[in-house]
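Asker: pasting the structure only:
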């Protein structure tokens, strides 16, 4: 009998491109993933992976197994959800819920959500992993996470597979943060032209936040001038306190700016991002997913 857990590991190796990357995504050791793949190869009597450069790729048999298992795994997931849904409706939700979310929503929202879930459903074990939106969608789509929280900035599109359902939560606003002694600190609103000559601290070039910052300057040459990079907005604020740079920082999860920093909104269209939850369509009836969505929506209400 084919080990479906090992099939999930094979699917992850195919997506991540290496055993070590797959192990990191799954929370296993590389040795454990390798053993699962070897066991799967013994069960099938076929080679499922082949080395390509420093990584690995699926053989023809491996590709056939991954493609063919998609519908089977989806059916099993729907069956699991149906079994939970058919259980006595006493309001009890138990089991394990795997969530992936980006850093600022973890800091700004999830503390309260997790407390509410633990109080309402003490039998529910929540596993939370921090990841960027693109990775979160991939983790949910591939079955490695049950629920994901992602953000979508303006015109920066986030590809959502057809079998993944999107639930809008709320809209977050980002402001330009400057030192109180900065010449722009007295402005009530800022436009791209006002900021073209400024030096910035921003997230990494591959992040959605950085892409949106670039979109803000469409039509403005040589802007933004990013001189510092960090994925943590708290680091951005500390660097702005030096007076050397400015930053575009979302309000979600943003602490008190203190007396030395000023937040100024951008001109219309404002710098906003939509915060949404994603889950696989096959888990629409999962009590754990419904409970988590309910808690998220309750804390997202104005």
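Answerer: All right, it came through fine. No experiment lies behind these values; they were computed from the predicted model shown.

Asker: how about the spatially closest residue to residue 69 that is not a sequence neighbour, phi and psi?
Answerer: Sequence neighbours aside, residue 7 is the residue nearest to residue 69 in space, at 4.9 Å (criterion: CB to CB, 6 or more residues apart in numbering). All C-beta atoms are positioned from the backbone trio N, CA, C, and that covers glycine. Main-chain torsions, residue 7, degrees, to the nearest 10: phi -60, psi -40.

Asker: So what's the predicted local confidence for residue 7?
Answerer: At residue 7, the model reports a pLDDT of 85.

Asker: and it, how many residues sit next to it?
Answerer: 21 (other CB atoms under 10 Å).

Asker: Residue 188 too?
Answerer: By other CB under 10 Å, 6 other residues sit near residue 188.

Asker: Would you confirm that it contacts residue 263?
Answerer: No. Between residue 188 and residue 263 there is no contact under CB atoms under 8 Å: 11.4 Å.

Asker: sorry, back to before: let me see the contact set for the residue nearest to residue 69.
Answerer: By CB atoms under 8 Å, 6 or more residues apart in numbering, residue 7 lies in contact with 40, 65-66, 69, 73.

Asker: Please report how far it lies from residue 101.
Answerer: 26 Å (CB to CB, to the nearest Å).

Asker: try residue 78
Answerer: 24 Å.

Asker: the more surrounded of those two?
Answerer: Applying other CB under 10 Å to residue 78 and residue 101 shows that residue 101 carries more neighbours, namely 26 against 17.

Asker: and the more buried one, backbone torsions?
Answerer: Dihedral angles for residue 101 - degrees, to the nearest 10 - are phi -160, psi 160.

Asker: My read is that it contacts residue 130, right?
Answerer: Yes. Counting by CB under 8 Å, residue 101 does reach residue 130; the two are 6.6 Å apart.

Asker: residues near residue 158, how many?
Answerer: Using other CB under 10 Å, residue 158 has 17 neighbouring residues.

Asker: who's in contact with it?
Answerer: Per CB under 8 Å, 6+ apart, neighbours of residue 158: 133-134, 137, 150, 152, 208.

Asker: same thing with residue 2?
Answerer: Contact partners of residue 2, counting by CB under 8 Å, 6+ apart, are 40, 43-44, 65.

Asker: State the distance from it to residue 67.
Answerer: Distance from residue 2 to residue 67, by CB to CB: 14 Å.

Asker: Now do the helix of greatest length in the chain: distance to the chain's middle.
Answerer: Secondary structure of the chain per DSSP state H: the longest helix is helix 60-86. Per CA atoms, centre = their mean, to the nearest Å, the displacement of helix 60-86 from the mean C-alpha position of its chain is 23 Å.

Asker: Which strands or helices does that helix pack on?
Answerer: helix 4-16, helix 30-44, helix 287-300 (3 or more CB pairs under 8 Å, 6 or more residues apart in numbering; DSSP states H and E).

Asker: which residues are in contact with the following helix or strand past the shortest one?
Answerer: If I follow you right, that is helix 4-16. The first helix or strand that comes after helix 4-16 along the chain, using DSSP states H and E, is helix 19-26. Here helix 19-26 makes contact (CB under 8 Å, 6+ apart) with 8-9, 12-13, 15-16, 29-30, 32-34, 37, 56, 139, 144.

Asker: Show me the two of those that sit farthest apart.
Answerer: Maximum pairwise distance among the contacts of helix 19-26 (CB to CB): 20.9 Å, between 34 and 139.

Asker: Same drill for those two, tell me which one is more crowded.
Answerer: residue 139 (24 against 18).

Asker: hang on, isn't that one packed against residue 100?
Answerer: Yes. Residue 139 lies in contact with residue 100 (CB under 8 Å); the separation is 5.0 Å.

Asker: on that earlier part again, now the contacts of residue 158: which count as buried?
Answerer: Among those, those classed as buried by 16 or more other CB atoms under 10 Å are 133, 137, 150, 152, 208.

Asker: Now intersect these with the strands, please.
Answerer: With strands defined by DSSP state E, the entries of those inside them are 150, 152.

Asker: can you put the buried ones among the contacts of residue 158 in CSV and add distance to residue 286 and pLDDT?
Answerer: Formatted as CSV, these follow (distance: CB to CB, whole Å; pLDDT from 0 to 100):
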residue, distance to residue 286, pLDDT
133, 22, 91
137, 18, 90
150, 19, 96
152, 24, 89
208, 27, 87
